[in-house]
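Undergrad: Need a 3D model of the sequence below.
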Amino acid sequence: MSLSNNSLAIETRIFGLLVKGLRLLLYSHVFISFCAFFLTIETFLLAGLPVSLALATFVFLATLFTYNLSSVQSVLRQANASTKPAPTSWTLRHRQELAIIGLSSLAGAAVLYWVFKLQLSGWFILHLALISVGYTVPILYKSKKVRPLRSVPLLKVFLIAYVWAAVTVFFPVMQAGAVVWEQEVLLLFLRRFLFILALALLFDIRDYLYDQKTNTLTVPGFIGVRNTKLLSLGLLVLNGVLGTVMETALVEIALLLASALAALVVVYSSEEKPRLYYALLADGAMLLHASLVYLATLYT
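TA: Numbers count the residues shown, from 1 in each chain. Sure thing, here's the model as predicted:
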């Protein structure tokens with residue numbers, strides 16, 4: 001009996017550690033940063049360019065900083081506040097650690113940029129940085145606080161899709177010294193934009209009830225949850241069609257399979273689904289996409 005109790009206690013402890021590890025991986029934004037890392041690698045493979053792990057790591061660190069920027073802002077705001085409200089969510093309870101992760105990743109990205117002399121346009125990075133910072137942080141203009149870009153009606157998902165597509169497609173092309181404005185590159189950018197936009201719409205579905213309470217107009221609030229899911233599925237279909245036109249047989253199969261699995265995530269999404277569903281499956285669709293393309297290119 002005691003052995004059974006000890007075994008149960010050990011299993012419970014292991015399960016608890018696994019849950020804590022999963023939360024850390026997802027809520028610290030390490031997981032989604034790995035998605036950006038592997039999508040960057042995917043672009044090198046699809047474009048037939050030599051893979052730069054330094055550039056992919058730079059994208060990983062830049063993504064990690066961007067997604068933890070709100071925690072940096074929260075810590076700074078808390079330091080200036082006279083009262084400190086009790087934290088409720090995991091992110092708020094660990095905002096100091098997340099802020100340290102964010103600032104450390106920014107420093108790491110800067111070191112990589114200079115040490116490896118990454119061939120990226122400074123002006124291109126600047127405009128993406130302005131969008132990323134403005135997405136989260138309110139801007140002061142003539143002593144008036146301008147709301148962050150994510151609260152602008154209907155704009156949020158398009159900004160997310162644009163920045164992700166620009167970073168994971170144009171950065172690898174720039175690093176390889178290829179021409180960004182070639183037709184094949186622009187079509188690859190379009191395909192990545194459509195795929196990310198289809199997934200970004202799911203997070204609007206996730207936040208549908210909250211956005212209604214805060215009077216924030218998003219795509220589901222404008223056309224409804226059902227039509228938003230149909231729009232997401234349509235974007236995945238269009239992305240798949242473009243992929244079959246441009247790629248070889250094995251890569252075509254990989255892209256279609258990735259789109260089909262992402263479509264399943266869309267079909268079963270709803271505003272009642274837990275946040276873990278979106279953090280693990282919706283974001284994970286990007287990682288799966290890159291993994292399937294990698295496997296396909298091994299045999300091409």
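Undergrad: Show me where the stretch 101-250 of the chain has its helices.
TA: Counting by DSSP state H, counting those that start in this stretch, the stretch 101-250 of the chain has these helices, from start to end: 122-136, 156-165, 171-175, 183-206, 208-213, 219-223, 225-246, 249-267.
Undergrad: TSV please, covering the ones you listed and showing distance to residue 16 and mean pLDDT.
TA: Any C-beta I mention is one placed from the backbone N, CA and C, and that applies to glycine too. Shown next, in TSV, are the helices of the stretch 101-250 of the chain (distance: least, C-beta to C-beta, whole Å; pLDDT from 0 to 100):
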stretch	distance to residue 16	mean pLDDT
helix 122-136	32	89
helix 156-165	33	95
helix 171-175	39	97
helix 183-206	26	95
helix 208-213	29	83
helix 219-223	35	93
helix 225-246	34	94
helix 249-267	27	93
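Undergrad: Of the ones you listed, which stretch is the most buried?
TA: Mean neighbours per residue, mean count of other C-beta atoms under 10 Å, is largest over the helices of the stretch 101-250 of the chain for helix 171-175, with a mean of 24.
Undergrad: about what we covered before: now distance to residue 287 too, for the helices of the stretch 101-250 of the chain, in TSV please.
TA: Shown next, in TSV, are these (distance: least, C-beta to C-beta, whole Å):
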stretch	distance to residue 287
helix 122-136	21
helix 156-165	13
helix 171-175	17
helix 183-206	11
helix 208-213	25
helix 219-223	24
helix 225-246	16
helix 249-267	10
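Undergrad: So for residue 10, which of the ones you listed sits nearest?
TA: Comparing the helices of the stretch 101-250 of the chain by their distance to residue 10 (C-beta to C-beta), the top pick is helix 249-267, with 33.8 Å.
Undergrad: Centre of the chain to the closest one, how far?
TA: In terms of C-alpha atoms, centre = their mean, to the nearest Å, the centre of helix 249-267 is found 18 Å from the chain centre.
Undergrad: again with stretch 26-45
TA: Worked out by C-alpha atoms, centre = their mean, stretch 26-45 lies 8 Å from the chain centre.
Undergrad: could you give me the average pLDDT of it?
TA: Mean pLDDT, stretch 26-45: 96.
Undergrad: got it, and stretch 290-300?
TA: 90.
Undergrad: Now do it: everything it contacts.
TA: The contact list for stretch 290-300, computed with C-beta atoms under 8 Å, 6 or more residues apart in numbering, reads 35, 38-39, 41-42, 45-46, 248, 250-251, 253-255, 257-258.
Undergrad: quick one: which two of those are the most distant?
TA: 35 and 248 (24.1 Å).
Undergrad: Compare these two and say which one has the larger neighbour count.
TA: Shown here are residue 35 and residue 248; by other C-beta atoms under 10 Å, residue 35 has more neighbours (23 against 10).
Undergrad: which among the contacts of stretch 290-300 gets closest to residue 97?
TA: Nearest to residue 97 among those: residue 35, at 21.2 Å, using C-beta to C-beta.
Undergrad: got the phi/psi numbers for that closest one?
TA: Per-residue torsions, residue 35: phi -60, psi -40 (degrees, to the nearest 10).
Undergrad: quick one, what contacts the nearest residue to it once chain neighbours are set aside?
TA: Once flanking residues are discounted, residue 35 sits nearest to residue 286: 4.1 Å by C-beta to C-beta, 6 or more residues apart in numbering. The contact partners of residue 286, by C-beta under 8 Å, 6+ apart, come to 32, 35, 36, 38, 39, 195, 196, 199.
Undergrad: Could you dump those into TSV with distance to residue 135 added?
TA: Supplementary listing: the contacts of residue 286 in TSV, determined by distance: C-beta to C-beta, whole Å:
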residue	distance to residue 135
32	15
35	18
36	15
38	23
39	19
195	20
196	14
199	17
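Undergrad: Next one: the residue nearest to residue 29 when sequence neighbours are not counted relative to residue 207, how far apart?
TA: With C-beta to C-beta, 6+ apart as the criterion, residue 29 has its nearest non-adjacent residue at 3.7 Å, and that residue is residue 67. Using C-beta to C-beta, to the nearest Å, residue 67 is found at 16 Å from residue 207.
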